[in-house]
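Novice: how would this look folded up:
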Amino acid sequence: MHRSTVTRLVFSDDIGKRTRTGDWADQVISTVTKIEELLAAGTAEEAADLIDYFMEEAEVCHNVYATWHPGFLEWLGQAGIESGDLDDQIARITGLLVRPDGRSFDPFSCWAELRAEADDLTDAVRNGALVGADAVRAVDDLREQWRQMHDRWVDLLSGLLALAADRFGEDALEPMYRHTLEPYIQDRYMVYDLSVNDYADTLYRNLYTSIEAMRGHLVGPERRGDIDLEEHDDRWVLSFDPCGSGGRSTRGDPVEGTGPRPEPPYSFGVTEKEHDWAWNEKGVCHYCAHCCFTLERLPAERWGHPVRVVDSPLYPDETSGDDPKPCTWTIYKTIEAIPAEAYVRIGMTKPPAA
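Specialist: Down below sits the predicted model:
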């Protein structure tokens with residue numbers, strides 16, 4: 001078993017932001033756990049810094065969704081759904097997303113509330129006004145408030161994808177995603193352009209930002225952000241059991257006692273046909289297809305290689321039962337190590353070695 005180490009924050013020139021210290025085995029431990037360790041050790045300043053960093057992890061996810069949301073709405077309007085009709089459909093979707101305390105879900109007001117709560121908590125821990133078990137409970141409450149918001153963000157976007165598929169057929173999801181994802185690609189993935197950076201020079205960034213984002217998605221059975229990691233000679237394999245977004249959607253939500261999102265009352269879709277943008281498999285959650293677009297198909301179209309290779313569990317065969325399948329991301333250490341099958345499953349052919 002890996003021995004957890006004391007976590008600090010340092011600025012990374014490679015990534016251009018502050019990052020957690022620790023080796024890869026330590027990085028896959030949730031930031032919530034690392035905060036608890038610092039609180040137990042009585043290191044208030046470092047614990048407060050890490051609470052603030054937890055919010056950076058959450059903000060990675062929030063900013064992605066805040067980019068997709070207007071893009072999806074714009075596409076739906078351009079596709080011919082009139083504004084009044086679209087408003088009615090959004091109201092129907094958000095009606096399914098009432099928060100546990102009975103309040104309606106608005107992602108932007110929720111984020112403002114969460115940010116204020118985090119700022120107050122950070123100050124209270126830093127100045128010693130909140131210590132010990134009280135501080136631990138407050139951190140877990142912050143995590144829970146983010147979980148509620150995060151999961152409803154996913155459901156809201158899944159509902160918009162389902163609306164597009166219902167009105168225009170699931171083939172429409174490809175142009176909808178292509179329309180929406182470009183700002184996300186420009187912001188987060190252009191660094192993997194081989195004309196800009198050598199593949200080897202992007203590996204640290206690729207693995208770190210993968211882990212950081214999935215901690216932010218609160219992956220793992222207790223929804224704290226714990227990741228399983230295996231290193232092989234040619235690759236790293238990250239496992240999420242479940243992924244906090246698509247995995248929670250297709251398995252159902254044990255925290256709130258709600259069912260899988262492809263089922264009523266949600267009826268958010270999964271692929272019924274094979275598509276290059278969904279690994280040419282049936283049963284891919286429409287939301288999960290964004291991983292195929294952003295991590296595999298679009299990078300391979302533009303730069304000749306996937307950034308990460310994803311194995312997304314298929315609904316319902318791999319997402320139900322006593323032992324549902326985890327989602328995995330594989331990061332290969334060289335381009336040559338990426339198998340030919342990784343290209344075939346997205347409708348492409350592996351380029352010859354340079």
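Novice: quick check: Met13 vs Leu163, distance?
Specialist: For the record, residue 13 is Asp, not Met. Distance from Asp13 to Leu163, counting by C-beta to C-beta, to the nearest Å: 43 Å. The C-beta positions use only the backbone N, C-alpha and C, and glycine is treated the same way.
Novice: who's more crowded, these two?
Specialist: Leu163 (23 against 6; other C-beta atoms under 10 Å).
Novice: state the helix or strand in which the more buried one lies.
Specialist: According to DSSP states H and E, Leu163 maps onto helix 132-168.
Novice: for the helix or strand following that helix, which positions count as buried?
Specialist: Counting by DSSP H and E, the next helix or strand C-terminal to helix 132-168 is helix 173-188. Neighbour-count burial for helix 173-188, counted by 16 or more other C-beta atoms under 10 Å, picks out 173-174, 176-177, 180-181, 184-185, 188.
Novice: what's the angle from helix 173-188 to helix 132-168?
Specialist: 140 degrees (axes from the mean of the first three to the mean of the last three C-alpha atoms, to 10 degrees).
Novice: what does the pLDDT read for Asp14?
Specialist: pLDDT for Asp14: 89.
Novice: count of neighbours near the closest residue to it other than its chain neighbours?
Specialist: Counting by C-beta to C-beta, 6 or more residues apart in numbering, Asp14 lies nearest to Tyr204, which is 5.4 Å off, once chain neighbours are set aside. Number of residues near Tyr204 (other C-beta under 10 Å) recorded here: 13.
Novice: backbone dihedrals for Tyr204, please?
Specialist: The phi/psi pair for Tyr204 (degrees, to the nearest 10) reads phi -60, psi -50.
Novice: off-centre distance for the host helix or strand of His290?
Specialist: If you go by DSSP H and E, His290 is part of helix 289-292. When distances are taken as C-alpha atoms, centre = their mean, to the nearest Å, helix 289-292 is centred 11 Å away from the chain's centroid.
Novice: next one: stretch 26-40
Specialist: Centroid separation between stretch 26-40 and its chain, computed with C-alpha atoms, centre = their mean, is 19 Å.
Novice: contacting residues around it?
Specialist: With contacts defined as C-beta atoms under 8 Å, 6 or more residues apart in numbering, stretch 26-40 is touched by 2, 4-7, 20, 46-47, 50-51, 53-54, 57, 125, 131-132, 135-136, 139-140, 143, 208, 211, 215, 220, 224-229, 238.
Novice: pLDDT of that stretch, averaged?
Specialist: Stretch 26-40 comes out at a mean pLDDT of 97.
Novice: in that stretch, which residues are buried?
Specialist: By 16+ other C-beta under 10 Å, the buried positions in stretch 26-40 come out as 26-32, 34-39.
Novice: so which of these belong to helices?
Specialist: If you go by DSSP state H, these have 26-27, 31-32, 34-39 in helices.
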